[in-house]
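Engineer: sequence first, then the predicted structure, then my questions.
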Amino acid sequence: MKALVIGAAGFVGKHLMRHLRKDCGWAVAATKLPHEQIDGLDEFAKLGVDIFDLDILNQDDVSCLLKKNQPDCIFHLAAQSSVSLSWENPALTVDVNIKGTVNVLEALRQLGKKPKVLLVGSGEEYGRVNQDEVPICEDNALRPGNVYAATKACQGILGKIYADAYNLDIIIVRAFNHIGPGQSPVFVVSDFCKQVAEIEAGQREPVIRVGNLSAKRDFTDVRDVVRAYGLLIEYGKRGETYNVGSGKAIDIDSILKAILAKSSADIEVVTDKSKLRPIDVPIIEADIGKLRMLTNWKPEIELEQTIAETLEHWKRNIRRSQ
């Protein structure tokens, strides 16, 4: 099996490349933006991963790359994936997440070989759910509450249209919050861990700045998430959508307390208005029954382990920089 990972420089991409090569034994090619660097590039070179520069907003370049590589399957990860940044730069989010996806779909339509494709969306697409809709199944109404979620909902709709209209083997994923070592501090768990590590190193005052702590989210270790992606590319049904998550929501306050419990520092918690979103959905929790029934997948890495490893990742990074 030859896989192409589009948008591999991000947090998920590195874990996915590692999983596909080491655990699945597949041949892997991957793309990144020309200005991006992939951490641990030597590791992926040793694993035999071929890495190409690609901007998915350039349709000709997308078509040329697909024709050149002729993959058996494609994981489309390339996205502007920050909810907070989508409020600050909605135009960029629309361009990358919608226009970029259309460019990939059009290139697939024109390709002689028809690979299996995984379009990665988000649990954010469900938006504000009613209490009786939790946990959220795949046929629940989509009520996106932010720009990022709206673009991901559109991506999934486009994927379904292209699957039906052109008989493309497209599977759609709605991935809920995934976390782990190496994630950008744009995301809440990594942000908290980075702040705590900096406080312990004496690089900042003993104050951690937070947004809305009452929101409940469904967190899964990224290494479990990429296992689900690999299984779905093998067994997922054309045009179908699958939730990927832990199946259990936890409030952000509990996450913060778990992180602070692992620190010896006396840390004050202060609400930072800049971290509050214009609209914040109270609870997002996945019903993962459809995925489990198809693949027998379930999360294997406990939240406590993920938090500990993410905190240790930031401590190591700070020690290296000192």
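Structural biologist: Yep, that arrived.
Engineer: ok, and the closest non-adjacent residue to the residue of the chain most remote from its centre?
Structural biologist: Most distant from the centre of the chain: residue 266, at 32.4 Å, with distances by Cα atoms, centre = their mean. With sequence-adjacent residues excluded and distances taken as Cβ to Cβ, 6 or more residues apart in numbering, residue 266 is closest to residue 206, at 6.1 Å. From N, CA and C alone the C-beta is placed, and that goes for glycine too.
Engineer: cool, residue 79 as well?
Structural biologist: residue 97 (5.3 Å).
Engineer: pretty sure residue 303 contacts residue 258?
Structural biologist: Yes. The criterion here is Cβ atoms under 8 Å, and residue 303 meets it with residue 258 at 7.4 Å.
Engineer: residues contacting residue 109?
Structural biologist: Residues counted as contacts of residue 109 (Cβ atoms under 8 Å, 6 or more residues apart in numbering) are 162, 166, 168.
Engineer: the same query, at a cut-off of 6 Å, please.
Structural biologist: residue 166 (Cβ atoms under 6 Å, 6 or more residues apart in numbering).
Engineer: next, it: secondary structure please.
Structural biologist: The three-state label given to residue 109 by DSSP: H, G, I helix; E, B strand; the rest coil is helix.
Engineer: quick check: the gap between it and residue 168.
Structural biologist: Residue 109 sits 7 Å away from residue 168, going by Cβ to Cβ, to the nearest Å.
Engineer: what of residue 141?
Structural biologist: To residue 168, residue 141 is 25 Å away according to Cβ to Cβ.
Engineer: ok, the two, which is more surrounded?
Structural biologist: Taking other Cβ atoms under 10 Å, residue 141 and residue 168 do not tie; residue 168 has more neighbours (20 against 10).
Engineer: what are the phi and psi values at the closest residue to residue 160 other than its chain neighbours?
Structural biologist: Distances taken as Cβ to Cβ, 6+ apart put residue 239 closest to residue 160, at 5.6 Å, once the chain neighbours are dropped. Dihedral pair for residue 239: phi 80, psi 0, per degrees, to the nearest 10.
Engineer: count of neighbours near residue 239?
Structural biologist: By the criterion of other Cβ under 10 Å, residue 239 has 17 neighbours.
Engineer: and what of residue 299?
Structural biologist: Close neighbours of residue 299, defined as other Cβ under 10 Å, add up to 21.
Engineer: 232 is where my numbering starts, stick with that
Structural biologist: Okay, residue one is now 232; in that scheme the one you just asked about reads as residue 530.
Engineer: does it touch residue 478 like I think?
Structural biologist: No. Judged on Cβ atoms under 6 Å, residue 530 makes no contact with residue 478 at a distance of 7.9 Å.
Engineer: related to what we said a few turns ago, per-residue pLDDT, the residue nearest to residue 391?
Structural biologist: pLDDT, the model's per-residue confidence, is 97 for residue 470.
Engineer: now do it against residue 505, distance only.
Structural biologist: Per Cβ to Cβ, residue 470 is found 41 Å from residue 505.
Engineer: next, count neighbours for residue 540.
Structural biologist: Burial of residue 540 is recorded as 17 neighbouring residues (other Cβ under 10 Å).
Engineer: which residues touch the closest residue to it other than its chain neighbours?
Structural biologist: In this structure, residue 540 finds its nearest non-sequential neighbour in residue 412, 4.7 Å apart by Cβ to Cβ, 6+ apart. Going by Cβ under 6 Å, 6+ apart, residue 412 touches 540, 541, 544.
Engineer: can I get those in TSV with distance to residue 445, pLDDT and secondary structure?
Structural biologist: Formatted as TSV, those follow (distance: Cβ to Cβ, whole Å; pLDDT from 0 to 100; DSSP: H, G, I helix; E, B strand; the rest coil):
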residue	distance to residue 445	pLDDT	secondary structure
540	26	97	helix
541	22	97	helix
544	27	96	helix
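Engineer: out of those residues, which comes closest to residue 260?
Structural biologist: Nearest to residue 260 among these is residue 544, at 27.0 Å by Cβ to Cβ.
Engineer: now that closest one: closest residue in space that isn't a chain neighbour?
Structural biologist: residue 412 (3.7 Å).
Engineer: now that neighbour: how far from residue 289?
Structural biologist: 32 Å.
Engineer: now do residue 474
Structural biologist: For residue 474, the distance to residue 289 (Cβ to Cβ) stands at 32 Å.
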